[in-house]
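Asks: Next comes the sequence, and after it the predicted model I'd like to discuss.
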Amino acid sequence: MNALRHVAIAALFAVSAAHGAQTLVVNGSLTDSIENNGVPSGWINLEGTPDVLDALNNVGLANEQHFGAAPSASPDGGTWVGLGSDAGYTERFGQVLSGLTVGQQYTVSWSAGNFGYNFGTNNYLGQNAIDVMIDGQSIGKGATLALGSNWFNQSLTFAATSASQQISFKLATSTKAYLSIDGIAVNATAPVPEPGTWALMGLGLCAVGFMRKRRQA
C-alpha cells in the first residue's frame, strides 16, 4: 500500500515539474560586466545605447552614482540593463526566442525600477513604463513607475505566432526618463504535458483511485 502511494505521489510530482518548464530566455538575469552603450551576452542592441549597470555604477560607467533615487538590490541580483528615452530618442534591446509553440500562450515576466539619472543639467527623472514588443510590435506595457528606490515585478502574456520570435524591451513614451530592467523570463502559461508525462499522470490518478477504493472497502 505504501509503495503504491509513493508511486502516485512521484507521478504527480513529475507532472507538476513538467508544467514548470524552464524559461525560454537566454541570460534573463542580464549578468555581464558594467558597460556603457552595451547589452549583456545573449542579447542584442536594437536601438539607441542601452547600458549594463548596477547599484554602484549608473548608466554603465564605473563609479558613476548620480542616480535620481538610490536603487535597492535587484530581486534577481547582479547587473541589470538601463533604458533611456527622450524626445525623438529611445533605447531598445532584445533577443530571438526559439522553441515556441504556435498558438500557445506565454507569460513574459520581469522586474523594473525607476532610479533615473541626475547630473548637472542632464536629468532623466520622469515617470515611464517598460514596453514589451514581439517582432517589433508592442504587446503591452508594465505599470508606469515614478522615480523611486524600489523594484516592481511585472508581467504580460502573448500568443506565439511562430516557432521563433523576437522579444524586445524599451520605454513606453518619449518622456525624459531612465528605467532599469532585470530578471526577464518567458514561460508557457499552461504547458501541454509530453506523452510520457500523460502516462505518468494516468498512473498517478489510477493509483489515487485505487487507494480510495481500498479505504472504502
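Replies: Received it, and whenever you're ready, just let me know what you need. On a predicted model such as this, the values are computed, not experimentally measured, just so you know. Numbering: from 1, shown residues only.
Asks: ok, Ser180 touching Phe115?
Replies: Yes: between Ser180 and Phe115 there is a contact at 5.9 Å, judged by Cβ atoms under 8 Å. Glycine gets a C-beta too; all of them are placed from N, C-alpha and C.
Asks: can you list residues touching both of those two?
Replies: Pro71 (Cβ atoms under 8 Å, 6 or more residues apart in numbering).
Asks: buried sites along stretch 83-100?
Replies: Of the residues in stretch 83-100, those buried under the neighbour-count criterion (16 or more other Cβ atoms under 10 Å) are 83-86, 90-95, 97, 100.
Asks: ok, the nearest residue to Asn58 once chain neighbours are set aside to Asp51 distance?
Replies: Once flanking residues are discounted, Asn58 sits nearest to Glu64: 4.5 Å by Cβ to Cβ, 6 or more residues apart in numbering. The gap separating Glu64 from Asp51 is 10 Å, by Cβ to Cβ, to the nearest Å.
Asks: Between the two, which is the more surrounded one?
Replies: Taking neighbours as other Cβ atoms under 10 Å, Glu64 and Asp51 compare with Asp51 leading, 28 against 17.
Asks: dump the residue contacts of the more buried one.
Replies: Taking Cβ under 8 Å, 6+ apart as the contact definition, Asp51 lies against 35-38, 59-60, 81-82.
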